[in-house]
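*Asks:* Below are the sequence and a predicted model; questions follow.
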Number of protein chains: 2
Amino acid sequence: MERIVRSTWALGLVILLLTCAACKTRERSEAVRPAEPTGQRSAGGAPPTIASRQAEDGQWLMAAKDYANTRFSGLEQINTGNVAQLKAAWTFSTGLDRGHEAAPLIVGSTMYIVTPFPNYLYALDLTQAGAPVKWVYRPEPSASAQGVACCDVVNRGAAYADGRIFYNTLDNHTVAVDAETGQEIWKTKVGEINRGESMTMAPIVVKGKVLVGNSGGEFGVRGWLTAIDTGSGRVAWRAYSTGPDEDVLIGPAFKPFYAQDRGKDLGVRTWPPEAWKIGGGTVWGWISYDPELDLIYYGTGNPGPWNPDQRKGDNKWTSGVFARDPDTGEARWFYQWNPHDLHDYDGINENVLLDLKINGRPRKVMVRPERNGYVYVLDRVTGEVLSADPFVHITSTKGVDLKSGRPILAPDKEMKVGKVVREICPASPGAKDWQPSAYSPRTGLLYMPHNNLCQDAEGVEANYIAGTPFVGANVRMYAGPGGNRGAFTAWDPVGRRAVWSVRENFPAWSGALVTAGDVVFYGTMDGWFKALHAVTGKELWKFKVGSGIIGQPVSYRGPDGKQYVAILSGVGGWAGAIVAGELDPRDATAALGFAGAMKDLPDHTTKGGMLYVFALP
Amino acid sequence: MERIVRSTWALGLVILLLTCAACKTRERSEAVRPAEPTGQRSAGGAPPTIASRQAEDGQWLMAAKDYANTRFSGLEQINTGNVAQLKAAWTFSTGLDRGHEAAPLIVGSTMYIVTPFPNYLYALDLTQAGAPVKWVYRPEPSASAQGVACCDVVNRGAAYADGRIFYNTLDNHTVAVDAETGQEIWKTKVGEINRGESMTMAPIVVKGKVLVGNSGGEFGVRGWLTAIDTGSGRVAWRAYSTGPDEDVLIGPAFKPFYAQDRGKDLGVRTWPPEAWKIGGGTVWGWISYDPELDLIYYGTGNPGPWNPDQRKGDNKWTSGVFARDPDTGEARWFYQWNPHDLHDYDGINENVLLDLKINGRPRKVMVRPERNGYVYVLDRVTGEVLSADPFVHITSTKGVDLKSGRPILAPDKEMKVGKVVREICPASPGAKDWQPSAYSPRTGLLYMPHNNLCQDAEGVEANYIAGTPFVGANVRMYAGPGGNRGAFTAWDPVGRRAVWSVRENFPAWSGALVTAGDVVFYGTMDGWFKALHAVTGKELWKFKVGSGIIGQPVSYRGPDGKQYVAILSGVGGWAGAIVAGELDPRDATAALGFAGAMKDLPDHTTKGGMLYVFALP
């Protein structure tokens, strides 16, 4: 059925290429080459150096698996032929019942789990049966932080580097914990609850710096990305998403591809006076890094408030993507997915860095499934949009003008004060929210867990009071065409089309994982952990976990040499707040309008944070 | 290895007898014969009538499986040869994180789960993949009830009869819920929070009456057993455990075996004046029923307060066992395990009704593993003690005088005010607390999950204020000889000896299950669900669940014809209160002195209520 060609690169890294019947139209594709790979298998052995983090060594050292954000595991013990035999190997309760969005990390023979608030860090010993707890680190974040978490008190995970685990607490601290002992090495305060800031994102570590960003786009926060020195815990630089160029770290090296993004202090001038100070653009999603270009990439959140009438202008640098120098933070380019965002199209999704042949020409690209409903392919050197194709039903725009780079707005879908605009598709959580996709260099497909939601919305005047909600919209969401609220879609970024798609009753709010065994994993909000054939989309296996899944599946090689797949169950997050927060299903506008679309979720799942680890018998 | 002889009884019930090498000294034994058995397999079909409840039909209709309290499943698909292949089939989160002690019920093709406070009742549809929730009944008990739950807010399960599920809420209501629709049929208030009463026990249904009892022995409660009409929800009778004969339902038919239990109003006269009114004797444990003798059997709790100096006398009818007529409640006999109990030897454990040959003579007996450390065998017709043999290290008594029926006290171990008495064994939770044992008619062995704890104790003056703790003792517990705090022991009630025993680090606080496949199941407080060979005690399989196990394993035949084994995980209860209640490990006297013996439990498990269901692949 498949022909697999293996080739070995000079540095010993195995790259797998696939030619398969199902992918005829696809050209050669591969994940971005790692900077300093080593081919060594170190699972069960000594903790790796940062240099080996890109190699397939059976570990999982950052939430997105690699700098390219592929979530591709090179392990192939579990494959399409045997995944039906997969069984639960062991389980672990976190003892907490809010939304569990984190990716477990596996470093050497230890697994690390970050919980939702109060953000415990568990170290589990994989060398012992049942993986007992080695230690627990309890950062004791301020309880008030829960009051400024817009939808649930989630955490998306940690990053490992140089013997330390780095992660964020809901109350705006970044911590470094000794991976062996669980001792706190440093704890740095980077934000203010009283300003409405919180932190939920999974950091990455690049060249001795932990990169972290803030949450709070619904609280009049000013977004930023901050680099902290891994050794000392001191802030190295901070780049705001709004305000004068000086604050945004825009200087002479800034060369955006589109003319509209050029000019002095656009982070001030594209806003009403002072509005940029409370204008959002938070950085709570995914960060990628290209070691060769030495650039980091990350999205910026929606402008605030949602009510667009209160912030005329393009609202730079919100709802876009920055390329920056990781050493200095200096901006290199920016592209705005949604200038003057109208619908909370919070631009923080993952940017998957791939080297693809586009129109016959090898290009260093960034593939980006955007909240606004398009899969973008950008040249990641320049920020040029090469293509933008819809992957869901879209009414809010009529396409993307590749010349200007701007979406073509549908005027009748613009949110306005005092008018209920109906059938805005996608809804505010977007065609795809934070839930990260995976990419397989074997199939050349991007695997996207996503939403199929539309909404009715009305703008209302929002008043800014520091630390309180600053939204200005009444929103009611519902299923998009077809009646399914979610889907899991395999997308060909070269052929610019969906190869297959699986409908899901609820938004597919978990992350995706794809493996060299050509199996793709994700979970559903009603508690099914599923394995599909990566080429055909055929369901090969599923297991009913205790609570709905919004976590990120990972795979690793245990100290016993076996391949494992791990997932946190524990429903919640924005989509599952109705269960995790026990919201009243009669209030359709609760959870910023998401509750109305999810009022039957409590009939389909219950709360409860639990790790499941699976393996072949 | 084993020779199995099958014989069919007149009524179509299959009784399995075993002759095995390991059981040479044992004589023929069998569980008490059911009253109105039918041999029909009805799992997956129509709900059974009460008449079929004793037959092995693949269901589980009451917590103890049958009236005899054997917890023996006649299913044999899972056996000693294949149990190593057992795998998790599906899981379900209750969304609650206090101690989960309940036995799931399986009626037809529905599973019913009662949770700890707030005592939800979930109905799970076994005909569908992943067993989705059919309905949830939420009784909304008063939150104040949590304040009078001595150790945790557990519930031990429900009982099914005639299309209804019956169970108790922590705030002293017994409810009848339509098993098909989840509609409440009636809800009867039977106790008073303000008097310190609560309810945690699993009822049984006998001849149209739901039998329920109260908790609150540490709150100056007066214990009772109450019969409620299944149809109307009206109280049919109530039998108190203290007070005048009229209240205790002692009349002319009362014929206790031992002279000390004969006389007028002993429930008053064996107490200081008025002390019987707040004297405990609660009924929160297990009830058995012999349909042939038409007698129910149940234990009464410890006298209150713990401080014995405040209640001179035998304190009848606490810490003993009653035989009663189920129609009228009339007492037939009583036997007191611990007259004038000194150590909270709360006499509520299970009484397993068996027909055994004792000294060559067939006897209708009750086998009773008692908190005071002895396995008693009583003639259940008369209440005569036939034997009483220690199954743990005992210092508090020197044996049981079979003539008087009284334990022989060790004077130096009597708790006194102002004196710390050391090395009292067993400790207050007893050699075995509520955790119910199982009996296999195939092996003739009783499988007991139990404790190995001793304590230092000092009496202090307790003052009674209604609804507040009334204990009067400072207690510190620790591991008994050997250093293990628990064990799982197979006991031969005829040979009067342990056949094998497995040491456990923590008290074995879960129930036991034994099957016709000769596999015995139980769980540990650090989260291992284990399967042992029922004959040899060899560990055949184990699985690491998310949270420590204090639930009751059950087995059933699914609608697909497969045998399943189900267990609730979710640590807590008295033994696990340190985790479920997040107690400070530095306070050794917390949880009535149990916390000190369990201060390392938080290092070994985490909270979280989760159902696990296992089957062969």
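*Replies:* In hand now; what should we look at? Numbers count the residues shown, from 1 in each chain, chains lettered A, B, ... in the order given.

*Asks:* Could you check how many residues crowd around the closest residue in space to residue A:584 that isn't next to it in sequence?
*Replies:* Nearest non-adjacent residue to residue A:584, counting by Cβ to Cβ, 6 or more residues apart in numbering or on different chains: residue A:590, 6.7 Å away. Yep, even glycine has a C-beta here, placed from its N, CA and C like the rest. Residues lying near residue A:590 (other Cβ atoms under 10 Å in any protein chain shown) number 19.

*Asks:* could you measure residue A:590 against chain B, distance?
*Replies:* 18 Å (Cβ to the nearest Cβ, to the nearest Å).

*Asks:* could you list every residue that touches that residue?
*Replies:* A:577-578, A:583-584, A:596 (Cβ atoms under 8 Å, 6 or more residues apart in numbering or on different chains).

*Asks:* what does residue A:326 give?
*Replies:* A:206-207, A:209, A:211, A:227, A:289, A:294-296.

*Asks:* From these, keep the buried residues only.
*Replies:* Buried members of the contacts of residue A:326, counted by 16 or more other Cβ atoms under 10 Å in any protein chain shown: A:206-207, A:209, A:211, A:227, A:289, A:295-296.

*Asks:* would JSON lines of those residues with pLDDT, secondary structure and distance to residue A:432 be doable?
*Replies:* What follows is these, written out as JSON lines (pLDDT from 0 to 100; DSSP: H, G, I helix; E, B strand; the rest coil; distance: Cβ to Cβ, whole Å):
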{"residue": "A:206", "pLDDT": "98", "secondary structure": "strand", "distance to residue A:432": "25"}
{"residue": "A:207", "pLDDT": "97", "secondary structure": "coil", "distance to residue A:432": "29"}
{"residue": "A:209", "pLDDT": "98", "secondary structure": "strand", "distance to residue A:432": "28"}
{"residue": "A:211", "pLDDT": "98", "secondary structure": "strand", "distance to residue A:432": "22"}
{"residue": "A:227", "pLDDT": "98", "secondary structure": "strand", "distance to residue A:432": "27"}
{"residue": "A:289", "pLDDT": "97", "secondary structure": "strand", "distance to residue A:432": "21"}
{"residue": "A:295", "pLDDT": "98", "secondary structure": "strand", "distance to residue A:432": "23"}
{"residue": "A:296", "pLDDT": "98", "secondary structure": "strand", "distance to residue A:432": "21"}
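
*Asks:* Show me what from chain A comes close to chain B.
*Replies:* Contact residues, chain A versus chain B (Cβ under 8 Å from any Cβ of the partner chain): A:85, A:87-88, A:90-95, A:97, A:129-133, A:526-528, A:542-547, A:569, A:579, A:603-612, A:617.

*Asks:* picking that back up, and the contacts of residue A:590, which is closest to chain B?
*Replies:* residue A:578 (12.7 Å; Cβ to the nearest Cβ).

*Asks:* Can you classify that closest one by secondary structure?
*Replies:* Of the three states, residue A:578 takes helix under DSSP: H, G, I helix; E, B strand; the rest coil.

*Asks:* Quick one: neighbours of it, just the number.
*Replies:* For residue A:578, the neighbour count with other Cβ under 10 Å is 25.

*Asks:* So it sits against residue A:585, correct?
*Replies:* Yes - with contact defined as Cβ atoms under 8 Å, residue A:578 counts as touching residue A:585 (6.5 Å).

*Asks:* hey, what's in contact with both of those two?
*Replies:* A:595, A:599, A:602.

*Asks:* Scan the residues you listed and report the most crowded one.
*Replies:* Comparing the shared contacts of residue A:578 and residue A:585 by number of neighbours (other Cβ under 10 Å), residue A:595 comes first, having 26 neighbours.
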